Structures are given as structure tokens and as C-alpha cells.
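In: Just a sequence and a predicted model for now, questions to come.
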Amino acid sequence: MKKIAMLLATLLMATTIVACGSKDPETPSAPETPGAEEPAATEKRKITISTKFVEDEQTAISLVKVVDAINERSNGSLQMELFTSGTLPIGKDGMEQLVAGSDWIVVDGVNFLGDYVPDYNAVTGPFLYTTFDQYLAMTKTPLVQELNAKIEAEHGIKVLSLDWVFGFRSMMTKKPIKTPADMKGLNIRVPTSQLYTFTIEAMGGNPVSMPYPDTYAAIQQGVIDGVEGSIMTYYGTQQYENVKEYSLTNHLLGVSTVATSTKLWESLTEEQRTIISEEFEKGMQDNLDETIKAEDEFAELLKAEGVNFHEVDAEAFLKAAEPVYTKFPQWTPGIYEKILVELEKIKAEQ
């Protein structure tokens, strides 16, 4: 009996231990102690935005709004940092950062995309558009959307926008220009781009490639006789202190792309991509609205600084620039004609 009692006691203890170490699946677990395990803080993704525009130019002003909005909306998961005035690589060097997969966004001329997919240069060719709306409609066509898909697939560049307009480009020089003959012998700064080089050559000038931030001193030193650019750039960069003649050639539309690396884009969450896309779209509209509003205002400001405005022989310049469209054997055959067809459709609908 004593042995049986000891055995029963041993079994009872074992049952008690098992019961204490198990949980009834029907019984809810006790709540976790608050603060016992804090979730890891969201890691900030630092993204550099590089642009040639100086702080006083409208594009840079709108970009500041974009950066602030993205940083706020992302609740710390994104940290955008804007570098203006060409402080960091821009133009061709900036695009190389994207191809290399850097955590960068570059806001610069659409022509720099043309170094990778040459047909972009046809879309932004000389004397194509007479209004902003014509160009903005062109960027929405299947023709241009196919270019965006191609540069992404073949070169790792994700085009977020082609729509950051900053005005038609005209001539800021030391003497008035009214015909192509007036351009003869003038050294005119251009970006590092075949399109700009060929355009200025066709118009009669001598193109000199250099970063835009270097142009102010270059004019003073007599290295160049002027630059081509928008009225916004003219006033924002204070070139009126160097040159007083603004000839309205309107030879090219000043427009920037917003582009990043495919590697960066694909590494972001869907929410982060949405925030970036939406805020850059808002920034584009802000830039456009303010640019349209400011053009007349800046014209008056420039006149107050002693700048003279000159109309030009538009027909003569248009005819002079026609050979530009024959200088790009790397363009898809017939691309210029396709653009003209799309442009006629756009004009008919507007």
C-alpha cells in the first residue's frame, strides 16, 4: 500500500507540472507587458537630389517644396536632400550616377536622356513647339512613353517626369540678334549636348560647352559672348549684370526631366514610390503655374535692370535650323516625321 501511495503521489506531481507548462488553446494569452519589445525604428533612406538651378530660380524653389513634403509625408522613412547650383554632378555626370545605380534623383535637361536614347533629342528639337501645352501633351503620347520604357529597360534610368518647364530658351548676349547673320562669330555657352551644339551652329553661332554655374565669370572674362536660356534663368542667375540684350529666338523649350535609378526605385516600398511620384507631380504643377505667372513679371524686372528685348526673324531661324534634324543618324528613321504627325494631332485638339 505504501508503494502504491508513493506511485500515485509521483503521478500527481507530474500531472501538475505538465499542466502548469501548457496553455489551453481555448484560453486567450495574457497581454504582453507594455514596452517589453519595441518595434525597430524605421530606417531612413537618404536620397540625393542634384540640379543645376540656383536657389532663386523657380525650379529650385518648387523642388524645395517637394523635398519638404516628401520628408514629412514619409514619416522619416525617406530623407531627401537637395543640392542646387550644380554643387554635385549634373548633366551627363549626373545621369552617370543614375546608370551606376546611386541613390540619386537628377533634375536636369531632357537632352541628357538623349545621350542614352537619342530619340529624346528629336522630341525636344529646335522650333518644334510654340506653347507649353503642346509639349506637355507630347510627353503623354505613346511615342514618348515608349522612350521612357526603353531607357528604363536598357540603361536603368527611371523617368519620373519630363514636365518641369522653365520657359523657352532665347539669346542673352552683348549685342542684339535679329537674324542668323547676327550670330556669326559669337561664342555662346551650351550644355554638353549634341542637340544644343548643332542648334547653335545652325543658328550661326559658335557653341562653347561648359557648366552653367561657370558662365557668369566666363562672360566677364570674355571667354563667351553670351548664353542661351529662359527669361527665368536670365533673371535668377543675374546675367543681366553682364549682358543687356535678350533676343527672343525661342529656339528650344527649356524643360527638365526628373529621373532616378531603376535600382533605387525598385528598392523602395510601394508607399514610398507613391509619395515621391505624387509630390513631384505637385511640384511640376507648382513650377509650371509660377513660371507662367512670373514670365511677365521677370520681363519688367529685367527691363528695370536695363535689359533690351528684341524680336527676331523667326522664319529665317526656323529655316536655318532645319539641318539639325539630319545630323543624328542614331535617331530612329522617321522619328521626326512621327513627332510632326503627333504634333498636328495635338494642335488640332487644343
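Out: On my side now, so go ahead.
In: Residue 287 is in contact with residue 62, isn't it?
Out: Yes: with contact defined as CB atoms under 8 Å, residue 287 and residue 62 form a contacting pair (4.0 Å). Where you see a C-beta, it was placed from the backbone N, CA and C, and this is true even at glycine.
In: Show me whatever sits in contact with both of the two.
Out: residue 164 (CB atoms under 8 Å, 6 or more residues apart in numbering).
In: Give the helix, strand or coil label for residue 169.
Out: strand (DSSP: H, G, I helix; E, B strand; the rest coil).
In: Check residue 165 too.
Out: Put simply, residue 165 is strand when judged by three-state DSSP.
In: Contact partners for it?
Out: By CB under 8 Å, 6+ apart, the neighbours of residue 165 are 132, 135, 136, 253, 254, 255, 287, 288, 291.
In: do residue 231 as well
Out: Contacts of residue 231 (CB under 8 Å, 6+ apart): 167, 170, 246, 295, 298, 299, 302.
In: Among the residues you listed, find me the one that's closest to residue 147.
Out: residue 167 (23.0 Å; CB to CB).
In: correct me, but that closest one touches residue 252?
Out: No: with contact defined as CB under 8 Å, residue 167 and residue 252 do not form a contacting pair (10.3 Å).
In: between these two, who's got more neighbours?
Out: The neighbour comparison of residue 167 against residue 252 (other CB atoms under 10 Å) goes to residue 252, with 25 against 22.
In: The more buried one pairs with what?
Out: Note on residue 252: beta-bridge partners residue 169, judged by DSSP bridges.
In: Can you report how many residues lie near residue 293?
Out: With other CB under 10 Å as criterion, residue 293 counts 11.
In: Phi first, then psi, for residue 46.
Out: The phi/psi pair for residue 46 (degrees, to the nearest 10) reads phi -80, psi 130.
In: If we ignore the residues flanking it in sequence, what's nearest it?
Out: Of all residues not flanking residue 46 in the chain, residue 79 sits nearest, at 4.8 Å (CB to CB, 6 or more residues apart in numbering).
In: Confirm that neighbour sits in a helix?
Out: No: the assignment for residue 79 is strand, going by three-state DSSP, so no helix is present there.
In: Now do the contacts for it.
Out: By CB under 8 Å, 6+ apart, the contact list for residue 79 reads 44, 45, 46, 47, 71.
In: Where is pLDDT lowest across the residues you listed?
Out: Checking pLDDT across the contacts of residue 79, the minimum falls on residue 44 at 84.
In: Now that residue. Nearest residue, chain neighbours left out?
Out: Counting by CB to CB, 6+ apart, the residue nearest residue 44 is residue 79, at 4.5 Å.
In: now stretch 343-350: mean pLDDT?
Out: pLDDT averaged over stretch 343-350 gives 93.
In: buried stuff in that stretch?
Out: Residues of stretch 343-350 classed as buried by neighbour count (16 or more other CB atoms under 10 Å): 343, 346.
In: just stretch 101-120 next, same as before
Out: In stretch 101-120, counting by 16+ other CB under 10 Å, buried: 102, 104-120.
In: send the alpha carbons of it over as CSV?
Out: C-alpha atoms of stretch 101-120 as CSV (Å, rounded to 0.1, in the frame of the first residue of the first chain):
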residue,chain,number,x,y,z
GLY,A,101,22.5,52.7,-59.5
SER,A,102,23.2,55.5,-57.0
ASP,A,103,20.5,56.7,-54.5
TRP,A,104,20.1,59.9,-56.6
ILE,A,105,17.4,61.9,-58.3
VAL,A,106,18.6,64.3,-61.0
VAL,A,107,16.6,67.2,-62.2
ASP,A,108,18.2,68.4,-65.5
GLY,A,109,17.7,68.8,-69.2
VAL,A,110,15.7,66.2,-71.1
ASN,A,111,18.6,66.3,-73.6
PHE,A,112,20.8,64.4,-71.3
LEU,A,113,18.5,61.4,-71.6
GLY,A,114,19.3,61.7,-75.3
ASP,A,115,22.8,60.5,-74.6
TYR,A,116,21.3,57.1,-73.9
VAL,A,117,18.1,57.1,-76.0
PRO,A,118,18.8,59.6,-78.8
ASP,A,119,15.2,60.0,-79.8
TYR,A,120,14.6,62.2,-76.8
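In: what is the rounded mean pLDDT of it?
Out: Mean pLDDT, stretch 101-120: 95.
In: Okay, strands next: where are they in this structure?
Out: Shown for the chain, the strands assigned by DSSP state E span residues 45-51, 78-83, 104-109, 157-173, 187-190, 206-209, 226-229, 245-261, 308-310.
In: Make CSV out of the ones you listed and add distance to residue 57.
Out: Shown next, in CSV, are those (distance: least, CB to CB, whole Å):
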stretch, distance to residue 57
strand 45-51, 9
strand 78-83, 13
strand 104-109, 11
strand 157-173, 7
strand 187-190, 16
strand 206-209, 21
strand 226-229, 10
strand 245-261, 11
strand 308-310, 20
